[in-house]
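>>> coordinates only, sequence not included:
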C-alpha cells in the first residue's frame, strides 16, 4: 500500500529521541517529519538560533540519526495548530498516539491513505487540547507490566502499521 505518512513530534525534549525518530522515519519512507513546539531540531539553512546552541543540538541529534537528518525531509514550526490545519486541508487524517480507555487499539485499525501521526511529550504525552486537534486517537496495547512504550518505539510501531497494514 502506498500511503503518504507524515510524523509530527510535538514538545519533545530529547535530542536522542529526535535523531532516532528521523532515522526510523527515513527508513519507513515518511514524507516529512514536523518538529513542533520546543522539540529540538537539526541545523537548518538560515538557522536563526544562536550558532553554539544550534550546533550543540545538531551534534546530539546526529548521534542517533546517523545521517538521517540530512536524508529525511523535516520542518520546524513553533506552533502545532497551523501545521495540523494545513495537513487537514491537504486531506491528511491526523491521528494521535495516546492512552485512554476509549481509544482504538493500533493493531485493529486500517489507516487512511494520507495519515499524519502526532506524538506528544515523552513523559506526559498529548494534552487534551492537542487531542482535540486529532481526527482519531490510537493506543498501542501493553502486554507487560510497564505502563507505556518509549515515544520512539511507539512511533515506529505506528509508522510500520501505517506503511504495511
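Yep, that arrived. These numbers were taken from a predicted model, which means no experiment stands behind them. Numbering: from 1, shown residues only.

>>> for this structure, what spans make up the helices?
Counting by DSSP state H, the chain has helices at residues 15-27, 51-65, 68-71, 81-89, 128-132, 151-164.

>>> Save these as a markdown table, and put in mean neighbour count, mean pLDDT and distance to residue 107 too.
All C-beta spots, glycine's among them, are computed from the backbone N, C-alpha and C. Formatted as a markdown table, those follow (neighbours: other CB atoms under 10 Å; pLDDT from 0 to 100; distance: least, CB to CB, whole Å):
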| stretch | mean neighbour count | mean pLDDT | distance to residue 107 |
| --- | --- | --- | --- |
| helix 15-27 | 23 | 98 | 18 |
| helix 51-65 | 16 | 98 | 26 |
| helix 68-71 | 17 | 97 | 26 |
| helix 81-89 | 15 | 98 | 24 |
| helix 128-132 | 13 | 95 | 21 |
| helix 151-164 | 19 | 96 | 7 |
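
>>> and of those helices, who's closest to residue 95?
helix 151-164 (7.6 Å; CB to CB).

>>> would JSON lines of the helices of the chain with distance to residue 106 be doable?
Converted to JSON lines, these look like this (distance: least, CB to CB, whole Å):
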{"stretch": "helix 15-27", "distance to residue 106": "16"}
{"stretch": "helix 51-65", "distance to residue 106": "24"}
{"stretch": "helix 68-71", "distance to residue 106": "24"}
{"stretch": "helix 81-89", "distance to residue 106": "20"}
{"stretch": "helix 128-132", "distance to residue 106": "16"}
{"stretch": "helix 151-164", "distance to residue 106": "6"}
